[in-house]
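Asks: Dropping the sequence and predicted coords here.
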Amino acid sequence: MKKAKRSVRGPLDKIRILDLTRLYPGPLGTMMLADMGAEVIKIEDINNPDYMRYYPPYLRTESAGFLAVNRSKRSVAINLGAKKGVELFFLLVKTADVVIEQFRPGIIDKMGIGYKNARKIKKDIIYVSLTGYGQNGPYAMQAGHDINYIGYSGILASTGTKETGPVIPGAQIADVAGGAYMTIIACLSALWAREKTGWGQQVDISMLDAILPLMTLQMAHYQAVGILPEAGQAALSGGLACYNVYQCADGKYVALGILEEKFWKNFCEVMRHSEWLDRQFVVGEEADKLRGEISALFLTKTRDEWIIAAADHDICLTPVVEIAEIENNYHLQTRNMIIEQKHPACGKIKGFGVPLKFSRTPAKPGMPAPSLGNDTQAILKELGYSKSDIKTFQEEGVILVPENSKK
């Protein structure tokens, strides 16, 4: 099969990935791989496409969430419940380096497109299997979402205060750190292993397993002292006055993140409170008292006034930024982290750029998220099928080729 010419280039150029994932974790990971130059073909069952396509809110006719995690990909819509659909899938496997899937354990095998069958077709194929709890263990077949995984990991119990109890984080930690990022790590690690050994393999990712390292320090501290801190009382989770969030006169907030003595000294000098110098790491009631004094100080000026006042003093004081402010952040603009694309149905849409900056193989986002089956016809032609073959597949319900799709 001749691979299509693409505008996207980067360190993963010439790597082809078949993407069977849906919703958030897998699609975000495969999008980032695509941004780095991999050719990602998003494969959806015509009878059960990615649910995210239909989740509100919408940008005109398209799901904002779907657009956000599916750019830089090509789309193929196949009836994976039909024998001919499975045959088409395996033809694509022959041309691919990696298959990434997000079904519950055993489901993909029942569909006939699992790793055991795929490696008979292509012995060095890599399968990355992303689930909530892994391919084995007592929880393996349980349904779950981000809140469930962070609940098991200790993250949820550690987030909040003694007054509020556990508080749901503002971002989906397990989905992104445990799902999307670990998918990328698994894919690249398996590709490197294949480079050295010639072997393909299946990689089992459990989002619960993957977020446990986020609690490494907390586990170590608990092992050392044997005391379980209340929510909001651990050193880096609200227990220290020098590492905390404070409200300002305009109702907005600042983040104070001082751990080094030199920065604390600068802070006390700038704020003209030398009596705080030896109180940086006080805990318990003393920390509550110091927090109250610092809170009273920050309430005397607006957030932006404090940021301007602190600009030249190295005191680790930053604004707590709202989502609406992110796109206007000059630093992020300079780093090309705010990007804009023109979508055929939605007009101009904004998103985040590529986090990794490569000096020799620069990566950048490609085309906006595709419509369902947008590239089915083009990819089947690349596989060697004629127009009449493709028309027959359409008539038999094996594929979906939307109007105005790429030919």
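Replies: Happy to help now that I have it.
Asks: Using PDB, list the CA coordinates for stretch 44-58.
Replies: Output in PDB follows, covering the C-alpha atoms of stretch 44-58 (Å, rounded to 0.1, in the frame of the first residue of the first chain):
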ATOM      1  CA  GLU A  44     -14.700   3.800  13.500                       C
ATOM      2  CA  ASP A  45     -17.400   1.200  13.200                       C
ATOM      3  CA  ILE A  46     -20.200   2.600  10.900                       C
ATOM      4  CA  ASN A  47     -22.800   1.300  13.400                       C
ATOM      5  CA  ASN A  48     -21.000   2.500  16.500                       C
ATOM      6  CA  PRO A  49     -18.800   5.500  15.900                       C
ATOM      7  CA  ASP A  50     -16.900   7.500  18.500                       C
ATOM      8  CA  TYR A  51     -19.400   8.700  21.000                       C
ATOM      9  CA  MET A  52     -17.600  11.900  21.400                       C
ATOM     10  CA  ARG A  53     -18.900  13.000  18.000                       C
ATOM     11  CA  TYR A  54     -22.300  13.500  19.600                       C
ATOM     12  CA  TYR A  55     -21.400  15.000  22.900                       C
ATOM     13  CA  PRO A  56     -22.400  18.700  23.500                       C
ATOM     14  CA  PRO A  57     -21.400  21.500  23.500                       C
ATOM     15  CA  TYR A  58     -21.200  22.000  19.800                       C
END
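Asks: Show residues contacting stretch 305-315.
Replies: 248-249, 254, 256, 258, 262-263, 266-267, 270, 298, 301, 317-319 (C-beta atoms under 8 Å, 6 or more residues apart in numbering). C-beta: built from backbone N, CA, C; applies to glycine.
Asks: 6 Å instead?
Replies: With contact meaning C-beta atoms under 6 Å, 6 or more residues apart in numbering, stretch 305-315 is reached by 254, 263, 266, 267, 270, 317, 319.
Asks: and what of stretch 355-374?
Replies: For stretch 355-374, contacts defined as C-beta under 6 Å, 6+ apart pick out 7-8, 10-11, 35-37, 49, 66-67, 70-72, 75, 77, 339, 341, 343, 354, 400-402, 405-406.
Asks: let's see it at 7 Å
Replies: Contacts with stretch 355-374, where a contact means C-beta atoms under 7 Å, 6 or more residues apart in numbering, come from 6-8, 10-11, 34-37, 42, 44, 49, 53, 66-67, 70-77, 339, 341, 343, 349, 353-354, 400-402, 405-406.
Asks: centroid residue for the protein?
Replies: The structure's the chain has its C-alpha centroid closest to residue 176; by C-alpha atoms, centre = their mean the separation is 3.4 Å.
Asks: Before we move on, what's the pLDDT of that one?
Replies: You'll see residue 176 listed with a pLDDT of 98.
Asks: now the helices: where do they sit in the stretch 201-350 of the chain?
Replies: Per DSSP state H, counting those that start in this stretch, the stretch 201-350 of the chain carries helices over the ranges 207-211, 216-225, 261-271, 284-298, 303-310, 323-326, 330-334.
Asks: Quick check: which of the ones you listed is buried the most?
Replies: Burial of the helices of the stretch 201-350 of the chain is given as mean neighbour count (mean count of other C-beta atoms under 10 Å); helix 207-211 ranks first at a mean of 23.
Asks: elements contacting that helix?
Replies: For helix 207-211, the packing partners by 3 or more C-beta pairs under 7 Å, 6 or more residues apart in numbering; DSSP states H and E come out as helix 146-153.
Asks: which helices and strands sit right next to the helix it packs on?
Replies: Under the contact criterion of 3+ C-beta pairs under 7 Å, 6+ apart, helix 146-153 touches helix 207-211.
Asks: hmm, who's touching the helix it packs on?
Replies: By C-beta under 7 Å, 6+ apart, helix 207-211 touches 25, 132-134, 149-150, 152-153, 155, 173-174, 177-179, 182.
Asks: again, only using 10 Å
Replies: Contact with helix 207-211 is made by 25, 130-134, 137, 139, 144-146, 148-155, 173-183, 185-186, as judged by C-beta atoms under 10 Å, 6 or more residues apart in numbering.
Asks: Is the residue nearest to the centre of the chain in contact with residue 25, as I believe?
Replies: Yes: Residue 176 lies in contact with residue 25 (C-beta atoms under 10 Å); the separation is 7.1 Å.
Asks: Bridged to residue 130, which residues?
Replies: On the basis of DSSP bridges, residue 130 is bridged to residue 205.
Asks: So residue 268 versus residue 319, what's the distance?
Replies: Residue 268 sits 21 Å away from residue 319 when distances are taken as C-beta to C-beta, to the nearest Å.
Asks: on that earlier part again, okay, and which of the contacts of stretch 355-374 map to strands?
Replies: In strands, judged by DSSP state E, the following of the contacts of stretch 355-374 are found: 42, 44, 73, 74, 75, 76, 77, 339, 341, 343, 349, 400.
Asks: Let me have the residues you listed in a markdown table, adding distance to residue 307 and neighbour count as columns.
Replies: Output for the ones in strands among the contacts of stretch 355-374, formatted as a markdown table (distance: C-beta to C-beta, whole Å; neighbours: other C-beta atoms under 10 Å):
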| residue | distance to residue 307 | neighbour count |
| --- | --- | --- |
| 42 | 42 | 28 |
| 44 | 45 | 21 |
| 73 | 39 | 28 |
| 74 | 44 | 22 |
| 75 | 44 | 26 |
| 76 | 48 | 28 |
| 77 | 49 | 25 |
| 339 | 26 | 17 |
| 341 | 31 | 18 |
| 343 | 35 | 17 |
| 349 | 30 | 20 |
| 400 | 51 | 23 |
